[in-house]
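Student: heads up, no residue letters with this:
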């Protein structure tokens, strides 16, 4: 049975991703900053008959928490097949380049960028034992620099500065990480789940959580001939499913 760790998985897209992967036969380690909320999420899934799941306490903003989660998981398994870096924040709004306080930038980058790096570095040794290791970095269509410079883009006027910058940085990390592992069996990709109705955006998005999670799951379950180093976005590029960086 393949194993997967999903950060920020006690609700929303992360939770639905866990549900869908459980349905495909994965054993899910449901990462949650608040272990009580994580246990509640696990109880809900088990009530649905999805039993191969347990909560892992992990705060991606706290390197000690990440280390403790790695130690805890290492006592349970020797191989981690999939890592989904899902935890993320938007930061206080509005965000403009000249008026947003630097503390907002630091807070958003701590979760959306540095947290991903810390988690990836902590767990990659467990992944090296997998025959088909997969890393999925959940990004945003707003992380595309090419599209932000295109006045014809439908989201051209949407530019929450610290969030945009953090996701662009995450995309850059995905590129160089995939390049670094290009001669291995790793598949490492960034996935834009689309503008989805969640607590994150006060349920303003038109997309469903189910569709958003399915995009993440698709990248998490790529076969051996699947792509790596890609920025998948059905929202930005519905025809090809691949967004410009």
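Tutor: All right, it came through fine. Keep in mind the model is a prediction, meaning the values are calculated, not measured.
Student: count of neighbours near residue 40?
Tutor: Using other CB atoms under 10 Å, the number of residues around residue 40 comes to 14. All C-beta atoms are positioned from the backbone trio N, CA, C, and that covers glycine.
Student: where does it land in three-state SS?
Tutor: Under DSSP: H, G, I helix; E, B strand; the rest coil, residue 40 falls in the helix class.
Student: now residue 116, nearest residue through space, not along the chain?
Tutor: residue 85 (4.5 Å; CB to CB, 6 or more residues apart in numbering).
Student: The one you found and residue 137 touch, don't they?
Tutor: Yes. Residue 85 is within contact range of residue 137, at 4.9 Å (criterion: CB atoms under 8 Å).
Student: Now do the shared contacts for those two.
Tutor: residue 116 (CB atoms under 8 Å, 6 or more residues apart in numbering).
Student: what bits of this protein have low per-residue confidence?
Tutor: 197, 199-206 (pLDDT under 70).
Student: Which positions within the longest helix anywhere in it qualify as buried?
Tutor: When the chain is parsed with DSSP state H, its longest helix is helix 161-180. Residues 161-171, 173-175, 177-178 are the ones in helix 161-180 that count as buried (16 or more other CB atoms under 10 Å).
Student: one step back: distance of the residue nearest to residue 116 relative to residue 219?
Tutor: For residue 85, the distance to residue 219 (CB to CB, to the nearest Å) stands at 11 Å.
Student: So which of those two has more stuff around it?
Tutor: residue 85 (27 against 24).
Student: Now that one: phi and psi?
Tutor: Phi and psi for residue 85, reported as degrees, to the nearest 10, are phi -80, psi 90.
Student: all strands for this structure, in order.
Tutor: 3-6, 27-32, 53-57, 82-85, 134-138, 187-191, 231-232 (DSSP state E).
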